[in-house]
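K.L.:
How does the following fold in three dimensions:
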Amino acid sequence: MIFGGRANPRPHPSKGGWRIAIVYRITGYDGVIRPDHRVWNTPLPSIRKPLPGSSAPQDVNAEPITHGNYFQAIRDYLQGEGQDHVRKALMVRYPLCADEFHGETLEIILEKHGEFYHPARILVPCKDGVLSLVLNVAVTPHGRTWMASEINALNSVAGRLPPDGVPAVYGLATVPGANHAPLSMFLADWFEGFHEFHLSIDPQKGRQGMVVWDTTTAPFYLSDRQQAAVYRRVAFLLTRAFNPHTTEQIYPWHHASGDFVLRVKDDALDLRLITVRQYAPTIGDRNGELEAEARLTALLVFFFNLTIRNRLDRLDGTGPPAWADAIAVQETIRGFFDALDEDQSIEVKRLLDAYALDEVMELLSLVAERYQLMDMEKGLIRANLASHGALLHETLQRRFQAH
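P.N.:
Here you go, the predicted structure:
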């Protein structure tokens, strides 16, 4: 596979593969982005945080990475080892296209600027359709550190989840950027037709709802039934990812970061997890021998934290902190128990059924203190923890009595 940078060459098969033009775009900008475009030489927005164990931001004096540097680094990747990564993805998704190209241009679309990555969507046309991939690009040491952790985590979690629960990773590379600064990147599935979602004030209903950022048509609000399905599915996937033997769990995660995406098709809702930043034990380490009681304690800690975190978001993704309605508690419990096997379910039910309200509140307080991620969460959790605990205890008791 050979990717060229010329304007519109006619693709033709060669001994090395295909020849194809590369086109650059940025979501929110019209047309193609070329070297004479006004954003080409402007720096990428970048959050420079300290590396773990350090108090000083890294690379503070480094030459900024421009949009042009970014696109050129991706082109170099696609002209190098990225060819094999794309072919690997084609073999998985469109195996009949791996050696036969249909189309004249491959599109690189800079989608957004995140805390860790600047993800680009790569569109590869073939006769069976268009293969959509994501190339996550880290331009800072902070991002590169997270990337190494995330690739290991994605590969570890994939086997515990339903097919396509998380993106498959097709390859990792490091490419020199501006002034030879390294840009790390990994190629993975882009879930086409899936969109980010957040709590928002529904103007038609005049109350809090859940908006889906559908960028192909228009944003829309979920029905109450669909919103319930979101919380249930989030809880199900995270609980399935929890390893009861090693106590490994996906953490951190946050709705405000857009870690989950969804698709509504024929009124059916499908939900995927697009990032796994870390996958680490709750207690001890992966190789430690844990007693059954310790493993059960870790599962309970995971559950209580899940009931809190599934209610946290920011209005419209970037606004003030938001707290989900009561339906999130009921559906989080449903998703959690749906993901457990029968023996786990019996054990957890036995313990939770014996907890009085004050015991639930004590555990919730300890978990909330341990797992706080953002300063903005502290006041919100503190203001809602008592009512959350009462609702959680009541909902659990109703469930256990019904079963």
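
K.L.:
As a check, name the ranges of all helices in the protein.
P.N.:
Here the chain has its helices, by DSSP state H, at 67-79, 82-93, 141-158, 224-241, 292-309, 327-339, 342-354, 357-370, 375-402.

K.L.:
quick one, which of those is nearest to residue 171?
P.N.:
helix 82-93 (3.1 Å; CB to CB). Just so you know, the C-beta spots here come from the backbone N, C-alpha and C atoms, and that holds for glycine as well.

K.L.:
how about the closest one: buried residues?
P.N.:
Residues 82-83, 85-90, 93 are the ones in helix 82-93 that count as buried (16 or more other CB atoms under 10 Å).

K.L.:
sorry, back to before: can you add distance to residue 259 and mean pLDDT and give the helices of the chain back as a markdown table?
P.N.:
Output for the helices of the chain, formatted as a markdown table (distance: least, CB to CB, whole Å; pLDDT from 0 to 100):
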| stretch | distance to residue 259 | mean pLDDT |
| --- | --- | --- |
| helix 67-79 | 23 | 94 |
| helix 82-93 | 22 | 92 |
| helix 141-158 | 11 | 92 |
| helix 224-241 | 9 | 98 |
| helix 292-309 | 11 | 95 |
| helix 327-339 | 15 | 98 |
| helix 342-354 | 24 | 95 |
| helix 357-370 | 19 | 94 |
| helix 375-402 | 15 | 93 |
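
K.L.:
Those helices: which one's closest to residue 193?
P.N.:
Across the helices of the chain, residue 193 has its closest neighbour in helix 82-93 (14.1 Å, CB to CB).

K.L.:
what's the closest one packed up against?
P.N.:
Contacts defined by 3 or more CB pairs under 8 Å, 6 or more residues apart in numbering; DSSP states H and E place helix 82-93 against strand 120-126, strand 129-138, strand 169-176, strand 182-189.

K.L.:
Just give the number of residues close to the closest residue to residue 294 other than its chain neighbours.
P.N.:
Nearest residue to residue 294, sequence neighbours excluded (CB to CB, 6 or more residues apart in numbering): residue 283, at 5.6 Å. Residue 283 is flanked by 13 other residues according to other CB atoms under 10 Å.

K.L.:
What does the pLDDT read for residue 283?
P.N.:
Residue 283 carries a pLDDT value of 83.

K.L.:
What separation is there between it and residue 290?
P.N.:
Separation of residue 283 from residue 290 (CB to CB, to the nearest Å): 6 Å.

K.L.:
Format the helices and strands packed on helix 82-93 as a markdown table; extra columns: mean pLDDT, distance to residue 260 and mean neighbour count.
P.N.:
Compiled in a markdown table, the helices and strands packed on helix 82-93 are given as follows (pLDDT from 0 to 100; distance: least, CB to CB, whole Å; neighbours: other CB atoms under 10 Å):
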| stretch | mean pLDDT | distance to residue 260 | mean neighbour count |
| --- | --- | --- | --- |
| strand 120-126 | 92 | 18 | 21 |
| strand 129-138 | 94 | 15 | 21 |
| strand 169-176 | 95 | 18 | 18 |
| strand 182-189 | 95 | 15 | 23 |
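
K.L.:
can you list the ones you listed in a markdown table and add distance to residue 317?
P.N.:
Putting the helices and strands packed on helix 82-93 into a markdown table (distance: least, CB to CB, whole Å) gives the following:
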| stretch | distance to residue 317 |
| --- | --- |
| strand 120-126 | 19 |
| strand 129-138 | 18 |
| strand 169-176 | 25 |
| strand 182-189 | 22 |
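
K.L.:
circling back: among the helices of the chain, which comes closest to residue 274?
P.N.:
Evaluated over the helices of the chain, closeness to residue 274 peaks at helix 141-158, with 9.7 Å, by CB to CB.

K.L.:
Quick one: work out the angle between the closest one and strand 182-189.
P.N.:
Going by axes from the mean of the first three to the mean of the last three CA atoms, to 10 degrees, helix 141-158 is angled at 30 degrees with respect to strand 182-189.

K.L.:
overlap in contacts of residue 283 and residue 290?
P.N.:
Jointly contacting residue 283 and residue 290 under the rule CB atoms under 8 Å, 6 or more residues apart in numbering are 247, 298.

K.L.:
can you tell me which residues contact the closest residue to residue 316 other than its chain neighbours?
P.N.:
Among residues not flanking residue 316 along the chain, residue 200 sits closest, at 5.1 Å (CB to CB, 6+ apart). For residue 200, the contact set (CB under 8 Å, 6+ apart) comprises 208-211, 221, 315-316.

K.L.:
cool, and residue 131?
P.N.:
89-90, 93-94, 97, 123-125.

K.L.:
if I look at it, how far off is residue 167?
P.N.:
In terms of CB to CB, residue 131 sits 13 Å off from residue 167.

K.L.:
possible to save the helices of the chain as TSV with distance to residue 180?
P.N.:
Shown next, in TSV, are those (distance: least, CB to CB, whole Å):
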stretch	distance to residue 180
helix 67-79	11
helix 82-93	19
helix 141-158	15
helix 224-241	38
helix 292-309	40
helix 327-339	47
helix 342-354	51
helix 357-370	42
helix 375-402	37
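
K.L.:
Can you say which of these is nearest to residue 110?
P.N.:
Comparing the helices of the chain by CB to CB, helix 67-79 comes nearest, at 6.9 Å.

K.L.:
relative orientation of the closest one and strand 169-176 in degrees?
P.N.:
130 degrees.

K.L.:
in helix 67-79, what counts as buried?
P.N.:
So for helix 67-79, counting by 16+ other CB under 10 Å, buried means 67-78.

K.L.:
tell me the two of the residues you listed that are most distant?
P.N.:
In the buried residues of helix 67-79, two members sit farther apart than any others by CB to CB. They are 67 and 78, at 16.7 Å.
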